[in-house]
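> Generate coordinates for the sequence data below:
(one chain, ligands or ions: 1)
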Amino acid sequence: MDADIDRIVLTEEQIQGRIRELGEAISRDYGDEPVLLIAVLRGAALFVADLSRAISSPVEIDFMAVSSYGSSTKSSGVVRIIKDLDESIEGRHVLVVEDILDTGLTLKYLLKNLSSRSPASLEVCTLLSKEGKRRVPITCKYVGFEIPDEFVVGYGLDFVERYRNLPYIGVLRSQVHAEHP
Ligand code: PRP
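Here you go, the predicted structure:
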């Protein structure tokens, strides 16, 4: 285990096992219909790489990057598109892939934006969900794990851009937070 990690919340085996189940559910639902996975950078990059390989339906992958306006306005729900999709989604089955669903403000904006582009269908798959933190209701068809409100890193989730490469998800030692106030 990484020396900066205090406690593992989800092991690599738990994460990969749940991804196989999500992939099976998605494959059952979409069948032979092509599905476009839209991963929201940066955290979801690792999840979409594993999830896409667990899906047997025809899969295409595109990426979006978003950012909140200003530093203290994450909770405002005002989101700016830093990188847009490369292709049109009109008439396509779209599945938005997120690493974590917290307040729901990012997804609320994204789903509104994407639905205005007339996809054939629009659903969400998130690896982690903090239901207790939700500020706006979000319909999420595929949820990997419900987790309590703790600051977690690993498997795409960062602290000052580090720890995304850990194969598990865990809680940082408090000293690490203290060194980066
Ligand atoms: C995380 C996550 C979602 C968003 C969820 O991204 O990937 O996009 O926060 O939070 P919300 O439900 O409260 O809107 P983050 O801003 O940490 O960027 P990153 O993926 O580049 O680390």
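
> residues from this protein in reach of the ligand?
Residues of the chain found near the ligand (C-beta under 6 Å from any ligand atom) are 40-44, 98-107, 158. For every residue, glycine as well, the C-beta is placed using N, CA and C.

> Please repeat the previous calculation with a cut-off of 8 Å.
Neighbours of the ligand within the chain, by C-beta under 8 Å from any ligand atom: 40-44, 65-68, 74-75, 77, 98-108, 133-135, 138, 156-158, 161, 164.

> Now list the buried members of the residues you listed.
Listed as buried from those are 40-41, 43-44, 66, 68, 74, 77, 98-108, 138, 156-157, 164; burial here means 16 or more other C-beta atoms under 10 Å.

> and those residues, which of them are in helices?
44, 105, 106, 107, 108 (DSSP state H).

> Apart from its chain neighbours, what residue comes closest to the fourth one?
Once flanking residues are discounted, residue 107 sits nearest to residue 138: 5.2 Å by C-beta to C-beta, 6 or more residues apart in numbering.

> same check, this time on residue 163
Using C-beta to C-beta, 6+ apart and skipping the chain neighbours, the partner closest in space to residue 163 is residue 153 (3.9 Å).

> same check, this time on residue 133
residue 102 (5.0 Å).

> Quick one: residues contacting that neighbour.
When contacts are counted by C-beta atoms under 8 Å, 6 or more residues apart in numbering, residue 102 touches 130, 133, 134.

> in this protein, which residue is closest to the centre?
Centroid check for the chain by C-alpha atoms, centre = their mean gives residue 98 as the closest residue, at 1.5 Å.

> Look up how far residue 64 lies from that residue.
11 Å (C-beta to C-beta, to the nearest Å).

> what does residue 101 give?
Distance from residue 101 to residue 64, by C-beta to C-beta: 15 Å.

> buried residues in stretch 21-40?
Buried, per 16+ other C-beta under 10 Å, within stretch 21-40: 22, 23, 26, 27, 29, 30, 35, 36, 37, 38, 39, 40.

> And these, which is closest to residue 1?
Taking C-beta to C-beta as the measure, residue 1 lies nearest residue 22 of the buried residues of stretch 21-40, at 25.2 Å.

> Name the nearest residue to that closest one, sequence neighbours excluded.
residue 142 (5.4 Å).

> beta partners of the one you found?
residue 125 (DSSP bridges).

> What distance do you get for it to the ligand?
For residue 142, the distance to the ligand equals 15 Å [C-beta to the nearest ligand atom, to the nearest Å].

> what's the burial count for that residue?
For residue 142, the count of nearby residues is 18 (other C-beta atoms under 10 Å).

> How about the contacts made by it?
By C-beta under 8 Å, 6+ apart, the contact set of residue 142 is 22, 25, 26, 95, 123, 124, 125, 126.
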